[in-house]
Every structure is written in structure tokens, then in C-alpha cells.
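Chemist: got a predicted structure here, sequence first:
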Amino acid sequence: MSEQAAASPSNYEDALNVARNIQPALNKLMLIFQRTTEGTSLTTSQVSIMNQLRLRGPSRVSTIAQAELIRMPTASNALYQLERDGFVERRRDEKDRRGVLVALTQLGESELNIVSRQRAAALAEILQWLEPSDLDKAHQMSTLISKLADVYRPTMD
């Protein structure tokens, strides 16, 4: 059991039972979602990095890697691709001239808005198959899912 699991507010066995119940359907829905959003040149990881830059502003590569739970070389490669496509730019850190910050460009902001709208529409296509009462439950679950995304941080080995 990890340090995080020891400090978590819920019982691991209870969480495992829930995970076993939702994991097969979650995998299927994730696959459907990914296939219906293949029209963009951006990967899910790239969109996540761009969302971090939108949320946090210009950031160092190490900060991005830590926030995205990836290693520095992986972050550098992803940022290189985004920079090559004009979605991000590197600039000197004015507070520490030795450092470099990565920032979202106007083109990157625009592309992120387009992709976010497309992905929201794709998810809405899936969610519309729920009965109205179940859609209300999904709305309530969205708060819990967002909270889980904010609080859970696995350790990087």
C-alpha cells in the first residue's frame, strides 16, 4: 500500500469494489470517446498540457512534468511538438534569466478552445443516451470526478 493510500480518507477495499464495478464500462467509454474525438491533431496528453498552461500560465518544463505526472524528457518532447505546431512558445523567465518558461500562444489558445468544444460535444453525444434522472446523477458525479482529479496524485517511481 502506498503512502497516499495510507493517508486517504476512504477504505481501500471499498474503493476496490467500486473500481471493479466501473472499470470495464469506463474502459469502453474512454475508448468510444477517444475514437469519436480523433479529428484533431492534438493528443489527450497535449490537450492536458495546454490546459495546464491555460490554468497556471507560463511554466517551467519541470513544473509541467510534475503537474502532468510525466518525466522531464516526455514533457520536453510533447512541448517540442506543441512548439513546432505554434501552440506554445518558450521565453526567458524574467525573474530568473537562466530559466525558460513555456507559454500558450494565441494559436494554441484558439486550438484549445476548438478541441475543448469538440470533446465536450462528443461527450454530450454519449451522455444524451441517459435518462433525464440518470443525467442528473451524472451531473452530480461530475463534481466528484473533478474533485478526484484535483486531489489524487500518484507517486512517480
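Modeler: Thanks, I have the structure now.
Chemist: only C-alpha atoms from now on, for both contacts and neighbour counts.
Modeler: Will do.
Chemist: how's the protein carved up into domains?
Modeler: 1-36, 41-151 (automatic domain parsing).
Chemist: in the first one, what's buried?
Modeler: In other words, domain 1-36. Residues 33-34, 36 are the ones in domain 1-36 that count as buried (16 or more other C-alpha atoms under 10 Å).
Chemist: determine how far that domain lies from the middle of the whole chain.
Modeler: Centroid separation for domain 1-36 versus its chain: 16 Å, with C-alpha atoms, centre = their mean, to the nearest Å.
Chemist: what about this protein, any weak spots by pLDDT?
Modeler: Within the chain, the stretches falling below the threshold (pLDDT under 70) are 1-6, 38, 155-157.
Chemist: so which residue is smack in the middle of it?
Modeler: Among the residues of the chain, the one closest to the centroid is residue 48, at 3.9 Å (C-alpha atoms, centre = their mean).
Chemist: sticking with it, tell me its helix or strand.
Modeler: Of the helices and strands defined by DSSP states H and E, residue 48 is found in helix 44-56.
Chemist: go on, residue 22?
Modeler: helix 12-36.
Chemist: for the residue located most distally from the centre of the chain, helix, strand, or coil?
Modeler: What lies farthest from the middle of the chain is residue 97; by C-alpha atoms, centre = their mean that is 29.6 Å. State at residue 97, reduced to three classes by DSSP: H, G, I helix; E, B strand; the rest coil: coil.
Chemist: ok, it - contacts?
Modeler: Contacts for residue 97 (C-alpha atoms under 8 Å, 6 or more residues apart in numbering) come out as none.
Chemist: helices of the protein, start to end?
Modeler: Remark: helices assigned in the chain by DSSP state H are 3-7, 12-36, 44-56, 61-68, 72-84, 106-127, 132-151.
Chemist: next, the angle helix 44-56 makes with the second one.
Modeler: In this case it means helix 12-36. Angle between the axes of helix 12-36 and helix 44-56 is 100 degrees (criterion: axes from the mean of the first three to the mean of the last three C-alpha atoms, to 10 degrees).
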